[in-house]
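Need coordinates for the below:
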Amino acid sequence: MNLNLSLNMQAYVTQDDALMTTLTVREAVCYSAFLQLPDTMSKSDKQERAEATIMEMGLQDAIDTRIGGWHVKGLSGGQKRRVSICIEILTSPKLLFLDEPTSGLDSAASYHVMNRIIKVAQQDKRTIIASIHQPSGEVFELFHNLCLLSSGRMIYFGSVSTANEDIEQGFGGTISADEAINILAESYKLSEAHQQVQIRVNDIFHEGGFPSFVEDMKIFTRERLNGHYGVVAFVVGNTFSSIPYLFLVSIVPGAIAYYLVGLQKGVDHFIYFTLLLFGCMMLVESLMMVIASVVPNFLLGIIAGAGIQGVMILNGGFFRLPRDLPKPFWKYPVFYIAFHKYANQGFYKNEFEGSTS
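Have a look, this model is predicted:
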C-alpha cells in the first residue's frame, strides 16, 4: 500500500481542536475540502461534500457561526470537536482514530459528540478507534468493542456486553462504567507498580512543559501530517497572506502618526517612512514565526517574542549611544544583530539628513 492510499484510507483527530478561530464552520470545512479532496472534483462538488459532512455531524444550526477562541466568543467545546471531526472525515476514511474526543467536555456534550460519531460510522461502515478516559455510562454503552488498560497493560479486550457479564460475575451485580473504572484504579493503587512509583516520586523533582502550538502552527502541523501541504507552501502562503494587512497597518496608522507629530512633509519622506515601517513589521512577523515554531504555547510565545525584542531595543540606540554599550555581548554581537538599530538609524536619516532647521 503506497503512502497516498494509506492517507486516504485513514484519518486522525487530535485531542486539541486545531481550528482557525476567525472562520465560520462552513468556511473552515470548505477550505479544508478544497485542500484535501482530489483535483478531479469540481469546486461545487467539494463544497457540497463539505456541507453534507456538516449536516452529518449535526452542525447545520451553527454553519455560519464563527469558531471563536479565547479572545472571540464562538462555538461550544462540543461543537468545535465536531468541526474537527468534520474536517477529517471529508475524504470518507475507512479508519478513523480519535484521541480523547470527549476530553474537556461535560457529560451531555460528550454523549452528543460520540453519538454523532457512532451514527456516521454505522451509516458509512467505518471503523472508529477512540481513546477515552472516564466515559459516562451513556457513552460507555455506545461502544461495540472494548480494550481496557491499567498501568499501560491490557486487562480486557472484547465486546462491551461480555465485559459487563464478566464484571457482574466478579462483583455480584450490575455496575456502572464509572464504578468499573474505579475498580481498575483501586486495583492499580494496590499494585506493586504503584508503590514503586510512590517511593520514587518523592525523590524526583521534574518541571516540564507540554507544548501546545499557536493557532496557525497547530493547523499547519495537522495539515502537514495529513499530507496536504509542506513547510515551503505554509511559509510562502503565510508570508504573502500577511503582506496586504501589514502594508495597510503601515500606511494608515503610520500616516496618522507621521503627520500628527509633524515630520517631514515631502511625499518621498513619507514613502520612505512607510516602507521602512513595513519592513520592520515583516521582520517582526518573521521573528514571531520562528519563535512560534520553537515556543509553540501562545502566551509563552508572545512573552518570548517581547523579551527578545526588548533585548534588541536596549541595544538599538534608543537608550544608550553605541559607543557607551559594553562590548561583550551587548555590542558584539547583539547591537549588530538587532534590526531595531537599522530601523532607528533609517528613521533618523529620513527625518534629519539635509535638514537646515
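
residues touching residue 34, list them.
Applying CB atoms under 8 Å, 6 or more residues apart in numbering, we find residue 34 in contact with 43, 46. Quick note: C-beta positions are derived from backbone N, CA and C, even for glycine.

before we move on, which element is it in?
Counting by DSSP states H and E, the element that carries residue 34 is helix 25-36.

quick one: whichever helix or strand comes after that helix to helix 25-36, angle?
Heading C-terminal from helix 25-36, the first helix or strand you meet, by DSSP H and E, is helix 43-56. When axes from the mean of the first three to the mean of the last three CA atoms, to 10 degrees is applied, the directions of helix 43-56 and helix 25-36 differ by 130 degrees.

okay, the angle between the very next helix or strand once past helix 43-56 and helix 43-56?
Moving toward the C-terminus from helix 43-56, the next helix or strand (DSSP H and E) is helix 77-88. Using the same axes, to 10 degrees, the inter-axis angle of helix 77-88 relative to helix 43-56 is 140 degrees.

which helices and strands sit right next to helix 77-88?
Packing partners of helix 77-88 (3 or more CB pairs under 8 Å, 6 or more residues apart in numbering; DSSP states H and E): strand 10-13, helix 25-36, helix 43-56, strand 95-99, helix 107-124.

Mind listing what's buried along the helix holding residue 34?
25-30, 32-33, 36 (16 or more other CB atoms under 10 Å).

Would you mind telling me which of the helices and strands packed on helix 77-88 is nearest residue 351?
Residue 351 lies closest, by CB to CB, to one member of the helices and strands packed on helix 77-88: helix 25-36, at 43.9 Å.

any weak-confidence spans in the stretch 51-200 of the chain?
By pLDDT under 70, the low-scoring segments of the stretch 51-200 of the chain are 151, 163-200.

switch the cut-off to 50
196-200 (pLDDT under 50).

Wasn't residue 158 part of a strand?
Yes. The assignment for residue 158 is a strand, going by DSSP: H, G, I helix; E, B strand; the rest coil.

so who does it touch?
Neighbours of residue 158 in contact, by CB under 8 Å, 6+ apart: 145-146.

helix, strand or coil for residue 130?
strand.

can you give me the end-to-end distance of stretch 96-103?
This stretch, stretch 96-103, spans 17 Å end to end (CA to CA, to the nearest Å).

quick one: contacts of it?
With CB under 8 Å, 6+ apart as the criterion, stretch 96-103 contacts 10-15, 81, 85, 88-89, 109-110, 113-114, 117, 121, 126-133, 135, 139.

hmm, 6 Å instead?
11-15, 110, 113, 126, 128-132 (CB atoms under 6 Å, 6 or more residues apart in numbering).

buried residues in stretch 302-311?
Buried residues in stretch 302-311 (16+ other CB under 10 Å): 304-305, 309, 311.

Grab the CA positions of it and hand them over as CSV.
Only the C-alpha atoms of stretch 302-311 are listed here, as CSV (Å, rounded to 0.1, in the frame of the first residue of the first chain):
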residue,chain,number,x,y,z
ILE,A,302,4.3,36.3,23.0
ILE,A,303,6.4,36.7,26.1
ALA,A,304,9.4,35.2,24.4
GLY,A,305,9.0,37.5,21.4
ALA,A,306,8.6,40.6,23.6
GLY,A,307,11.6,39.6,25.6
ILE,A,308,13.9,39.1,22.6
GLN,A,309,12.7,42.4,21.1
GLY,A,310,13.2,44.1,24.4
VAL,A,311,16.9,43.0,24.5
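
Tell me the buried residues in stretch 238-247?
In stretch 238-247, counting by 16+ other CB under 10 Å, buried: 246-247.

For that stretch, C-alpha coordinates in CSV please.
Taking C-alpha atoms only, stretch 238-247 is exported to CSV below (Å, rounded to 0.1, in the frame of the first residue of the first chain):
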residue,chain,number,x,y,z
ASN,A,238,1.6,32.8,5.4
THR,A,239,4.0,35.4,4.3
PHE,A,240,2.1,36.5,1.2
SER,A,241,-1.3,36.5,3.0
SER,A,242,0.1,38.8,5.8
ILE,A,243,1.6,41.3,3.3
PRO,A,244,-1.6,43.2,2.5
TYR,A,245,-2.6,43.5,6.1
LEU,A,246,0.8,44.6,7.3
PHE,A,247,1.1,47.1,4.5
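
related to what we said a few turns ago, of the contacts of stretch 96-103, keep whichever come out buried.
By 16+ other CB under 10 Å, the contacts of stretch 96-103 give 11, 13-14, 110, 113, 126, 128, 130, 132 as buried.

The stretch 251-357 of the chain: strands as residue ranges?
For the stretch 251-357 of the chain, strands defined by DSSP state E, counting those that start in this stretch occupy the ranges 328-329, 332-333.

again but with the stretch 101-250 of the chain, I slipped
Using DSSP E, counting those that start in this stretch, strands in the stretch 101-250 of the chain cover 127-131, 145-150, 153-159.

Same list (the ones you listed) but as a markdown table, adding distance to residue 44.
Formatted as a markdown table, these follow (distance: least, CB to CB, whole Å):
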| stretch | distance to residue 44 |
| --- | --- |
| strand 127-131 | 30 |
| strand 145-150 | 39 |
| strand 153-159 | 43 |
